[in-house]
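*Asks:* Need coordinates for the below:
(one chain, ligands or ions: 2)
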Amino acid sequence: MALEFVSRAEWGAKAPRQVTKRDPSTLSGVALHWFGKPSAASSHDGCAALLRSVQAAHMAPGGLGTVSGASDIAYNHAVCPHGVAYTLRGFGVQTGANGTSRANREYAAVVYMGGEKDGTPVTDEARPVIAEVIRLWQKKGAGPLVKPHGFFTGSTCPGPDLRKWLELTPHPWVLDQHRTLQVAVEDETPDWLMDFVHWRLAEDADPKRRPKQVPKRVPESAWETAAQVDRIANLMGPQDTFLDWAEWRRQSAKKSERPRSAPATIPQSWWEALKRLEKIFKGVKTATKPATARPKPPVAVDTRPVTPQSTLLAKPRATRKTIERYLLSRRHGGYSDDEVKKILGTYMETCRAAGLDPLLVVSQMVLETGNLMSHWSQPPRRNPAGIGVTGQPGAGKSFTNWDKAVRAHVGRLLAYALPAGEGTEAQRKLIEEALKVRPLPADRRGRSPTLEGLAGSWATDEKYADKICGIANEIRQRA
Ligand SMILES: [Zn+2]
Ligand SMILES: [Zn+2]
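*Replies:* Ligands and ions are numbered 1, 2, ... in the order given. Reported below is the predicted structural model:
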């Protein structure tokens, strides 16, 4: 059957405002719709006008859930009750009809031009035409799945009659000569199945990344598995790996702090979810996907063991994730995991401004507070490093929040590392702020460019620098 489509010009379509291309070979299949409301035209003479009115509704403000109107009528193709097929967005263009951006990327949309009020089943003229449109999509490379719109959204679309039609076996759109696709069934879950699912879902079916071990023709059961796993993953919602990544994007997006749990290639859906979150929580800066995934040279992390001769002013000797894993793996007083992460984030940021290695600074905090377990580190005191804690009853500084506490700690350590009058403006400001909290005798300024100078000055303990080294090296070993 050679199917002729009524062209856009023939049914009087308006030009689209914008076109998003989508290669049919990246699709898992076709989603089937009906009009629901409005109902079918009373005779074929009215079908073109009906399409024009649906296009006008989709492109009007509020159409398809947009603010200023959709870019075009939502579907790729339509079939009217009289058995005529129409080009709407057509082949090779992404639909806007399927209800989620993921489903729009993964399925074409074909609509039957009837609805709830018609009270009649889908006509005998329409069914074979719908089947042929589906086959044409498959010939252009779309996968074999045909899903009711409600599969993605839980709606009743495309109505009870077409839903029944979709469930017929063998499928009405499968040609006889293709019904013989056989797979060896000695092993019912072939080795490549999960590679296939992962490629479809996590790598957006990028043709360049298709796993070599996946056979050219994949049986429909494997496509079905991918579609069901996709549904499950969507229902389960945001996972820690996504949230870790989103938080990192928002907070620093520095390569050296990239969460290890994040996949090497970030799926398109993550970028979209992040954009939506940023819209929901207005006023935050928008994440931009790097234009090209140009591999940057890895940030050099100094991996030599920490010794008392290690300088305080240095690039980070450990990543945020590494330090975080250590802090969270041990008890941390009355602080929740999230609070600990936030405190660490403040350290990372403040140390970056100060030019201090956060590994040494946090190791000192761990030593001084027993990993945030000490009396002085708990709210309302929040003293991170025994500042002003002399052993005299009641002596010691309290901080109303951790920002102030960390700045006081980092600034004070900077004063030990830098001689008076030296440093950048940012460093001098931090020092000034910290020494207002507790003054520092002049003979201690710049006395400790390396860890060893802290022994006998910050603390009376002769082994003070060795103990910080021990913790710092343990943090890195745990990674
Ligand atoms: Zn629908
Ligand atoms: Zn018609």
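
*Asks:* Tell me where the model's unsure across the stretch 251-400 of the chain.
*Replies:* 283-301 (pLDDT under 70).

*Asks:* Which parts of it are helices?
*Replies:* Using DSSP state H, counting those that start in this stretch, the helices assigned to the stretch 251-400 of the chain run over residues 268-280, 320-329, 337-354, 358-369.

*Asks:* Tell me which other helices or strands the third one touches.
*Replies:* If you count contacts as 3 or more C-beta pairs under 8 Å, 6 or more residues apart in numbering; DSSP states H and E, helix 337-354 packs onto helix 320-329, helix 358-369, helix 402-417, helix 425-437. Every C-beta, even on glycine, is put in place using the N, C-alpha and C of the backbone.

*Asks:* Which residues does that helix contact?
*Replies:* Helix 337-354 has contacts (C-beta atoms under 8 Å, 6 or more residues apart in numbering) with 251-252, 257, 316, 320, 323-324, 327-328, 332, 335, 357-358, 361-362, 365, 372, 402-403, 406-407, 410-411, 413-414, 426-427, 430.

*Asks:* The stretch 101-250 of the chain: strands as residue ranges?
*Replies:* For the stretch 101-250 of the chain, the strands defined by DSSP state E, counting those that start in this stretch cover 107-115, 145-148.

*Asks:* Just send these back as TSV, with mean pLDDT and mean neighbour count too.
*Replies:* Shown next, in TSV, are the strands of the stretch 101-250 of the chain (pLDDT from 0 to 100; neighbours: other C-beta atoms under 10 Å):
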stretch	mean pLDDT	mean neighbour count
strand 107-115	95	26
strand 145-148	96	22
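
*Asks:* Identify, out of the helices and strands packed on helix 337-354, the most deeply packed stretch.
*Replies:* Mean neighbours per residue, mean count of other C-beta atoms under 10 Å, is largest over the helices and strands packed on helix 337-354 for helix 358-369, with a mean of 26.

*Asks:* who's in contact with the closest residue to residue 307 other than its chain neighbours?
*Replies:* In this structure, residue 307 finds its nearest non-sequential neighbour in residue 469, 5.9 Å apart by C-beta to C-beta, 6 or more residues apart in numbering. The contact partners of residue 469, by C-beta under 8 Å, 6+ apart, come to 305, 306, 307, 308, 310, 363, 451.

*Asks:* measure the second one to ligand 2 for me?
*Replies:* Between residue 306 and ligand 2 the computed distance is 78 Å (C-beta to the ion, to the nearest Å).

*Asks:* Also the fourth one?
*Replies:* The gap separating residue 308 from ligand 2 is 86 Å, by C-beta to the ion.

*Asks:* do the first one as well
*Replies:* Residue 305 sits at a distance of 79 Å from ligand 2 (criterion: C-beta to the ion).

*Asks:* ok, how many other residues are close to that residue?
*Replies:* 12 (other C-beta atoms under 10 Å).

*Asks:* For the nearest residue to it once chain neighbours are set aside, give me the pLDDT.
*Replies:* Residue nearest to residue 305 in three dimensions, not counting chain neighbours: residue 473, with 5.6 Å by C-beta to C-beta, 6+ apart. For residue 473, the pLDDT comes out at 90.

*Asks:* Is it possible to mark the buried ones in the contacts of residue 469?
*Replies:* 306, 308, 310, 363, 451 (16 or more other C-beta atoms under 10 Å).

*Asks:* Surely the fourth one touches residue 475?
*Replies:* Yes - shown here, residue 363 and residue 475 form a contact pair, counting by C-beta atoms under 8 Å, at 6.6 Å.

*Asks:* Quick check: which element contains the residue nearest to residue 305?
*Replies:* Using DSSP states H and E, residue 473 maps to helix 464-478.

*Asks:* how far is that helix from where the chain is centred?
*Replies:* Centroid separation for helix 464-478 versus its chain: 34 Å, with C-alpha atoms, centre = their mean, to the nearest Å.

*Asks:* How about stretch 346-366?
*Replies:* 28 Å.

*Asks:* first to last residue in that stretch, what's the distance?
*Replies:* 15 Å (C-alpha to C-alpha, to the nearest Å).

*Asks:* swap in stretch 443-450?
*Replies:* By C-alpha to C-alpha, one end of stretch 443-450 lies 16 Å from the other end.

*Asks:* now do stretch 388-399
*Replies:* 12 Å.

*Asks:* ok, the residue nearest the centre of the chain to residue 93 distance?
*Replies:* By C-alpha atoms, centre = their mean, the chain has its centre lying nearest to residue 270, at 2.7 Å. From residue 270 across to residue 93, the span is 24 Å (C-beta to C-beta, to the nearest Å).

*Asks:* now residue 153
*Replies:* From residue 153 to residue 93 the distance is 21 Å (C-beta to C-beta).

*Asks:* Over to residue 212?
*Replies:* 30 Å.

*Asks:* Of these two, give the one with the bigger neighbour count.
*Replies:* With neighbours defined as other C-beta under 10 Å, residue 212 and residue 93 compare such that residue 93 has more, 18 against 6.

*Asks:* Now the more buried one: closest residue in space that isn't a chain neighbour?
*Replies:* Take residue 93 and drop its neighbours on the chain: the residue closest to it by C-beta to C-beta, 6+ apart is residue 19, 5.7 Å away.

*Asks:* phi, psi of that neighbour?
*Replies:* phi -130, psi 120 (degrees, to the nearest 10).

*Asks:* So which residues make contact with stretch 373-386?
*Replies:* Residues contacting stretch 373-386 (C-beta under 8 Å, 6+ apart): 331-334, 364-365, 368-370, 372, 389, 396-402, 405-406, 408-409, 412-413, 459.
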